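> Predicted structure and sequence below. I'll ask about it afterward.
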Amino acid sequence: MPHTLPEWQQYIASLPSERLGQELALANSYTFVKTLQQEGLDMASIRQIVALLASRASKEGVLLPTGGAFDLEGFVR
């Protein structure tokens, strides 16, 4: 699993389209947030990671999951 923001950016860019929805659903959870906070990332970085996933998913026509830790639609408006 990536640890730094640049590593996350590379990871997200390399994800196959068919895995974006699943990865985004996992990232849009309080467990994901807590895990990344324990690894030393701040909320601004975590929001950026989720926003990058949401943006890529939206651009590729992947349905954004609803509910969860973040308003994903807000990231892609």
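Nice, I can see it. Numbers count the residues shown, from 1 in each chain.
> Just want the most central residue of the chain.
Val50 (2.7 Å; Cα atoms, centre = their mean).
> Contact partners for it?
Residues near Val50 by Cβ atoms under 8 Å, 6 or more residues apart in numbering: Leu24, Ala27, Asn28, Ala69, Phe70, Leu72, Phe75. Placement of C-beta: from N, CA and C, glycine included.
> ok, now how distant is it from Glu23?
From Val50 over to Glu23 the distance is 10 Å, taken as Cβ to Cβ, to the nearest Å.
> What is the nearest of the contacts of Val50 to Trp8?
Distance to Trp8 across those (Cβ to Cβ) is lowest for Ala27, with 9.6 Å.
> Helix or strand next in line after the longest helix seen in the chain, which one?
Longest helix in the chain, counting residues (DSSP state H): helix 43-59. Of the helices and strands lying after helix 43-59 in sequence (DSSP states H and E), the nearest is helix 72-76.
> could I get that next one in PDB with only the CA atoms?
These are the backbone C-alpha positions of helix 72-76, laid out as PDB (Å, rounded to 0.1, in the frame of the first residue of the first chain):
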ATOM      1  CA  LEU A  72     -17.600  12.100  -3.500                       C
ATOM      2  CA  GLU A  73     -19.800  14.200  -5.800                       C
ATOM      3  CA  GLY A  74     -18.400  17.300  -4.200                       C
ATOM      4  CA  PHE A  75     -14.900  16.300  -5.200                       C
ATOM      5  CA  VAL A  76     -15.800  16.100  -8.900                       C
END
